[in-house]
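In: Next comes the sequence, and after it the predicted model I'd like to discuss.
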Amino acid sequence: MNDERTVLAAFALTPGIGVKAVESLRQHFGSLSAALTVPPKTLLGVSGIGNVLAGRIAQIDPQQTASRMAHFQAQGVQITLWGDADYPPAFIPLKDKPLILFMVGTLTDSERSAHKTIAIIGTREPSEHSRRRASAWANAFSQAGWTVISGLARGIDRAAHEGALKGGGRTIAVLGSGVKSVYPPEHLPLAEQISEQGALMCEVQPYAFPARENLVFRNRLIVGLSHAVIVIEAGSNSGALHAARRAHEYQIPVFAHFNSRGNQMILEQFAHQLPPSPHLLIDQLTR
């Protein structure tokens, strides 16, 4: 008999399988293990399961997954599954919550619950003024005991992580690649520092290369872990706008400066104007 946790990991690593499919399969068959014992045609009777997914499910090998998990853990990667005791409570309300998380480093209980956590995000090609501002705001929040969350991308993300580290506090990088396949590669030394003063996190297997869809999809995890979101500078097509809209959807407050077309857009729609100093915002968020 297959271990149900290992089977969930196997489903989580199967393309196209998310929370909705897992819930439908469990409801229909009683367990994911039972779903692996039926012919592919039987799977077609489950809501949301078509021919492609049925074929992929039929190819799932829990024993192979168990070997992969053991290998990842031997490489220092922690694995958390939906339903585990250490699964972040902040993700539970998300309709598209991750089934599996891979991590190098540690999460505190307050970070798992999105308490005193601030996302600082923005364009990969910021002005020098915005780069300095991202670092300064991250530094101030870090010194005040807040954890800074970003995506380890070039530009604003890097400045935010570096500012938090210089402030002596914690920072979390949510990746669109695997935690053992850091992108961009020149950020590997920074990633190593982050893992020592926080964590690297992803929901794709640890050696996965970055993919555009994963870079976009990880935004929900960045904002899901955050008490509030700051958009430092964003163009009209910036990925930071996707994250900001996700935050608004989750009823997480978004703040921005009126300094770029993307920022203007979200300020006109739902974002709040950033106060003159980070300390004023820290006071506002802790009232």
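Out: Now that the structure is in, tell me what you want to look at.

In: Pass me the low-pLDDT residue ranges in the stretch 51-200 of the chain, would you?
Out: Regions of the stretch 51-200 of the chain meeting the criterion pLDDT under 70 are absent.

In: Okay, helices next: where are they in it?
Out: 51-58, 62-74, 109-112, 128-143, 156-166, 188-196 (DSSP state H, counting those that start in this stretch).

In: Quick check: phi and psi at Leu175.
Out: Backbone geometry at Leu175, expressed as degrees, to the nearest 10, gives phi -100, psi 150.

In: and if you look at Leu32?
Out: phi -70, psi -30.

In: Skipping adjacent residues, who's closest to the spatially most central residue of the chain in space?
Out: Nearest to the geometric centre of the chain sits Leu221, at 3.0 Å (Cα atoms, centre = their mean). Counting by Cβ to Cβ, 6 or more residues apart in numbering, Leu221 lies nearest to Val174, which is 4.8 Å off, once chain neighbours are set aside. In this view, the C-beta of every residue, glycine as well, is placed from N, C-alpha and C.

In: hey, what's the one you found bridged with?
Out: In this structure, Val174 bridges to Met201 when assessed by DSSP bridges.

In: Now for the residue nearest to the centre of the chain: which residues touch it?
Out: Applying Cβ atoms under 8 Å, 6 or more residues apart in numbering, we find Leu221 in contact with Phe91, Pro98, Val174, Met201, Glu203.

In: doesn't Leu175 make contact with Ala208?
Out: No: assessed by Cβ atoms under 8 Å, Ala208 is found out of contact with Leu175, at 9.2 Å.

In: which residues are common contacts for the two?
Out: With Cβ under 8 Å, 6+ apart, Ala208 and Leu175 have common neighbours Cys202.

In: Among the contacts of Leu221, which one sits closest to Thr117?
Out: Ranked by distance to Thr117 (Cβ to Cβ), the contacts of Leu221 are led by Val174 at 11.4 Å.

In: hang on, the earlier thing: now do the contacts for the residue nearest to Leu221.
Out: Counting by Cβ under 8 Å, 6+ apart, Val174 touches Ile149, Ser150, Gly151, Leu152, Met201, Cys202, Arg218, Leu221, Ile222, Leu225.

In: How about Ile252?
Out: Val223, Ser226, His227, Ala228, Val229.

In: on that earlier part again, top of the contacts of Val174 by neighbour count?
Out: Ile149 (33 neighbours; other Cβ atoms under 10 Å).

In: thought that one was touching Lys116?
Out: No: Ile149 is beyond contact range of Lys116, at 11.1 Å (criterion: Cβ under 8 Å).

In: so the residue nearest to Arg220 when sequence neighbours are not counted is in which element?
Out: Excluding its sequence neighbours, the residue lying closest to Arg220 (Cβ to Cβ, 6+ apart) is Arg246, at 5.1 Å. In this assignment (DSSP states H and E), Arg246 forms part of helix 239-249.

In: That helix: which residues count as buried?
Out: For helix 239-249, burial by neighbour count (16 or more other Cβ atoms under 10 Å) applies to Gly239, Ala240, Leu241, His242, Ala243, Ala244, Arg245, Arg246, Ala247, His248.

In: Next one: the residue nearest to the fifth one when sequence neighbours are not counted from Ala54, what distance?
Out: For Ala243, ignoring the flanking residues on the chain, the nearest one in space by Cβ to Cβ, 6+ apart is Asn219 at 3.9 Å. Relative to Ala54, Asn219 is positioned 30 Å away (Cβ to Cβ, to the nearest Å).

In: same check, this time on Pro185
Out: For Pro185, the distance to Ala54 - Cβ to Cβ - is 38 Å.

In: So for these two, which residue has more residues nearby?
Out: Ala54 (18 against 9).

In: distance of that one from Thr65?
Out: 18 Å.

In: for His227, same thing?
Out: His227 is 35 Å from Thr65, by Cβ to Cβ.
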